[in-house]
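A.B. asks: Sequence and predicted structure are below.
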Amino acid sequence: MRASLIAIILVVGVVASLAYYNYSINIFNPSQVPSPPQRAQEGNHVNAQPGGVPNTTQQADVQERSHEEEQRREGRLTLTELFKYAEQSVVQISVQKGSARGIGSGFIYDVQGHIVTNYHVVENASRVSVTFLDGTEYRARVVGVDPYTDIAVIKVENVSRDKLRPLPLGDSSKLEVGEQVAAIGNPFGLSGSMTSGIVSQLGRMLETANGFNIPDVIQTDAAINPGNSGGPLLNMYGEVIGVNTAIASRTGEFSGIGFAIPSNTVKRIVPVLIEEGRYRHPWLGVSGRDVNAEIAEILGLKEARGFLVIDVVANSAAEKAGIKGGSRTVTLSDGSRIKVGGDVIVAIDGNPVRKINDILVYLQRAKSVGDQITLTVIRDGSVIDVRATLLERPNPLESP
């Protein structure tokens, strides 16, 4: 079962293959969410139409946008203010895994004592402890885990309310490349460390250490190192917009490329983990290749876009819907061999599909188990629509 699961996970390229998890193995002895502090008003920007002739409707829109921007600027924090606001909400997580001891990070989610971290931090842990900023340590229990997004929720009991200061979750869909962000965590066991940088890119695909693909991931150049795993990536308004989880590196140390699970994924999954202990992911059940120029030429396609279905998993949503896999093998210019003749998925519910990431992001953001989707596919030169009912992705934790 495990092998079949890994087989259907799609290859995502060199960046994912270099992903290194920021979980520090210590072999060297080592509710109500508070509002961020408000800053002083910075003044208004008055915009006018070219030529100085205002249009009443447009002028009102400009003034409204200006007011919204002014309000947002007022809430923007300096790095010093951000750290003071968030530091008491970030914890160090210590785990025992056999004879090894590990250190990770996490942040307080609510006043009931739930803490968000990475799945790989607590995976197979026999003991989990949480240390707050003031040095007090508490035993924690694992409430729920989701290996597919590398998210876990743990809980501490009998902790005074003054220690439980939840951080608000921001809207990661509003992030822009170049936006300033900061990471707080425990790199190499150095508790309460802060680094800053920018959002380097959005919508990355990340392959986890377990072989699963996480779509819609945030890339940042804020320094992230072993021990930062599970800590928050914050915008300059004191909101968590990601959970730090991995870096791309050939050495195992930070080299300018870090990854964080977006806060909108956290919003969708964490409440279910708290309630049910696991999250049911919608699943289509196909594997294949993104269409490049060479594959498009072989298939006789006008454009090099879409996802070529090579294999369809037995008893999956795709098989039940009649999606076709490859029927003959061809050799590409690099010597690799692939099966062609299968469907090429070019849209899902009317949304264009350039590559597999578009499918996975759409399913994660908008769909649940049992939902119906419409796949637009190119089959034997014709464009057709295929309806499919999404099933639950097989749970690797239940595999023999």
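C.D. replies: Sure thing, it's come through.
A.B. asks: use CA for all of it now, contacts and neighbours both
C.D. replies: OK.
A.B. asks: residue ranges with poor pLDDT in this structure?
C.D. replies: 1-74, 209-211, 249-255, 396-400 (pLDDT under 70).
A.B. asks: Tell me what the spatially most central residue of it is bridged to.
C.D. replies: The chain has residue 261 as the residue nearest its centroid, 2.7 Å off, counting by CA atoms, centre = their mean. As for beta bridges, residue 261 partners with residue 243 under DSSP bridges.
A.B. asks: what's near enough to touch it?
C.D. replies: 149, 216, 217, 218, 242, 243, 244, 245 (CA atoms under 8 Å, 6 or more residues apart in numbering).
A.B. asks: Okay, the fourth one and residue 265: tell me how far apart.
C.D. replies: So the one you mean is residue 218. From residue 218 over to residue 265 the distance is 11 Å, taken as CA to CA, to the nearest Å.
A.B. asks: Now residue 176. Nearest residue, chain neighbours left out?
C.D. replies: Leaving aside its chain neighbours, residue 176 sits nearest to residue 199 (6.9 Å; criterion: CA to CA, 6 or more residues apart in numbering).
A.B. asks: didn't the one you found look like it was pressed against residue 177?
C.D. replies: Yes. The criterion here is CA atoms under 8 Å, and residue 199 meets it with residue 177 at 5.0 Å.
A.B. asks: and these two? which has more neighbours close in?
C.D. replies: Shown here are residue 199 and residue 177; by other CA atoms under 10 Å, residue 199 has more neighbours (21 against 13).
A.B. asks: circling back to that earlier point, ok, the residue nearest to the centre of the chain to residue 268 distance?
C.D. replies: 12 Å.
A.B. asks: before we move on, what about residue 334?
C.D. replies: 41 Å.
A.B. asks: So those two - more neighbours on which side?
C.D. replies: Set side by side, residue 334 and residue 268 show more neighbours around residue 268, with 14 against 6, by other CA under 10 Å.
A.B. asks: Wasn't the more buried one part of a helix?
C.D. replies: Yes. According to DSSP: H, G, I helix; E, B strand; the rest coil, residue 268 belongs to a helix.
A.B. asks: which ones are touching it?
C.D. replies: Residue 268 neighbours (CA under 8 Å, 6+ apart): none.
A.B. asks: Just the helices from the stretch 1-150 of the chain, written as ranges.
C.D. replies: Here the stretch 1-150 of the chain has its helices, by DSSP state H, counting those that start in this stretch, at 2-8, 14-17, 56-74, 79-86, 119-122.
A.B. asks: ok, back up a step: for residue 218 and residue 265, indicate the residue with more neighbours.
C.D. replies: Shown here are residue 218 and residue 265; by other CA under 10 Å, residue 218 has more neighbours (27 against 21).
A.B. asks: Specify the local secondary structure of the more buried one.
C.D. replies: What three-state DSSP gives for residue 218 is strand.
A.B. asks: Contacts only, for it.
C.D. replies: Residue 218 touches 199, 200, 201, 202, 203, 204, 242, 259, 260, 261, 262, counting by CA under 8 Å, 6+ apart.
A.B. asks: Make a markdown table out of the residues you listed and add distance to residue 181.
C.D. replies: A markdown table is the format used below for these (distance: CA to CA, whole Å):
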| residue | distance to residue 181 |
| --- | --- |
| 199 | 7 |
| 200 | 10 |
| 201 | 12 |
| 202 | 13 |
| 203 | 16 |
| 204 | 17 |
| 242 | 10 |
| 259 | 12 |
| 260 | 11 |
| 261 | 14 |
| 262 | 13 |
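A.B. asks: Neighbour-wise, give me the winner out of those residues.
C.D. replies: Neighbour max across the contacts of residue 218 (other CA under 10 Å) = residue 259, 31 neighbours.
A.B. asks: Going along the chain, name the strands of the stretch 301-400 of the chain.
C.D. replies: In the stretch 301-400 of the chain, the strands defined using DSSP state E, counting those that start in this stretch lie at 307-312, 328-331, 337-340, 344-348, 351-352, 372-379, 382-389, 391-392.
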